[in-house]
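Trainee: quick check, what structure comes out for this input:
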Amino acid sequence: MAALRDVTTSFSRGRLYTILGENGAGKSTLLRLIAGLSTPSSGSVQVFGITPRESLRRIGYMAHASMLYDEMTALENLQYFAGLYGIADSSRLVETLIAVGLDPKLERRAGEYSQGMRQRASLARAMVHDPEVLLLDEPFSNLDTASSRDVVALLAKMKRSKTILVITHQAALLEAVHDEVLVLAQGKIATQGPALSAFAKRGDAIGVRP
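Mentor: Numbering: from 1, shown residues only. You can find the predicted model right below:
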């Protein structure tokens, strides 16, 4: 059975999209397709007019799994992942950790972090290379209210120059900052709004077609 069926949609630069749906609706699959981690059995996905795999340096992806190395500190983790993108600027790493609410000088290993700290470090990993497309799967999980609000404020600031897609079961957190809501049900788009006409005005950063 296909996780997504007959899905046609676009996502534009400078906008934040909240993606909703029951478990198994296809939300995570959609993000994995855009991130280039899964290949569609039919249809196409384009990011800036080319395939996701050709756009990897322009995409940041935060999955359910933290993808952190437990034996490293948060800073050491960022040093490793930044190196994959050819980033050697240590100030960039420090700024990223501070932005997500982590102390760059913390010597504790990631394996000793609380779930909330791991979540923040995972977000830092996804955004360390300043991607143009940011894909976040349940970024507010295990965060307290204050930390969640800090992440929302960070996303509101970043969306000015990015395309941000957020899967969450806590949609109320994004009510004041998101531009559109996409609801998936049984692998199909149940609804998307509020302003579909905006795509034609702003230009599509991401396109998904059956």
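Trainee: tell me the spacing between the residue with the largest distance to the centre of the chain and Ala82.
Mentor: Using C-alpha atoms, centre = their mean, the residue of the chain lying farthest from its centre is Glu107. It sits 26.6 Å away. Using C-beta to C-beta, to the nearest Å, Glu107 is found at 19 Å from Ala82. Every C-beta, even on glycine, is put in place using the N, C-alpha and C of the backbone.
Trainee: now do Pro52
Mentor: From Pro52 to Ala82 the distance is 21 Å (C-beta to C-beta).
Trainee: okay, these two: which has more neighbours?
Mentor: Pro52 (23 against 19; other C-beta atoms under 10 Å).
Trainee: helices of the chain, start to end?
Mentor: 27-35, 74-84, 90-99, 115-127, 145-158, 198-202 (DSSP state H).
Trainee: give me the below-cutoff pLDDT ranges for this protein.
Mentor: 1-2, 195-210 (pLDDT under 70).
Trainee: centroid residue for it?
Mentor: Most central in the chain (C-alpha atoms, centre = their mean) works out to Leu135, at 2.0 Å.
Trainee: that one pairs with what?
Mentor: As for beta bridges, Leu135 partners with Tyr61, Leu165 under DSSP bridges.
Trainee: hang on, isn't it packed against Arg58?
Mentor: No. Leu135 is not in contact with Arg58 according to C-beta atoms under 8 Å; the separation is 11.4 Å.
Trainee: please name the residues that touch the closest residue to Asp103 other than its chain neighbours.
Mentor: Nearest in space to Asp103, with sequence neighbours left out and distances taken as C-beta to C-beta, 6 or more residues apart in numbering, is Leu97 at 7.3 Å. Leu97 makes contact with Ala74, Leu75, Leu78, Asp103, Pro104, Ala121, Ala124 under the criterion C-beta atoms under 8 Å, 6 or more residues apart in numbering.
Trainee: separation between the residue nearest to the centre of the chain and Glu22?
Mentor: Counting by C-beta to C-beta, the gap from Leu135 to Glu22 is 20 Å.
Trainee: would you mind listing the residues in contact with the residue lying closest to Gly36 once chain neighbours are set aside?
Mentor: Excluding the flanking residues, the one nearest Gly36 by C-beta to C-beta, 6+ apart is Pro52, at 3.3 Å. Taking C-beta under 8 Å, 6+ apart, we find Pro52 in contact with Leu33, Ile34, Ala35, Gly36, Val45, Gln46, Ile59.
Trainee: isn't the first one up against Leu4?
Mentor: The reference is to Leu33. Yes. The pair Leu33 and Leu4 qualifies as a contact (C-beta under 8 Å) at a distance of 7.5 Å.
Trainee: name the residues contacting each of those two.
Mentor: Pro40.
Trainee: what's the burial count for the spatially closest residue to Met72 that is not a sequence neighbour?
Mentor: Nearest residue to Met72 in three dimensions, chain neighbours excluded: Ala110, at 6.0 Å (C-beta to C-beta, 6+ apart). Close neighbours of Ala110, defined as other C-beta under 10 Å, add up to 20.
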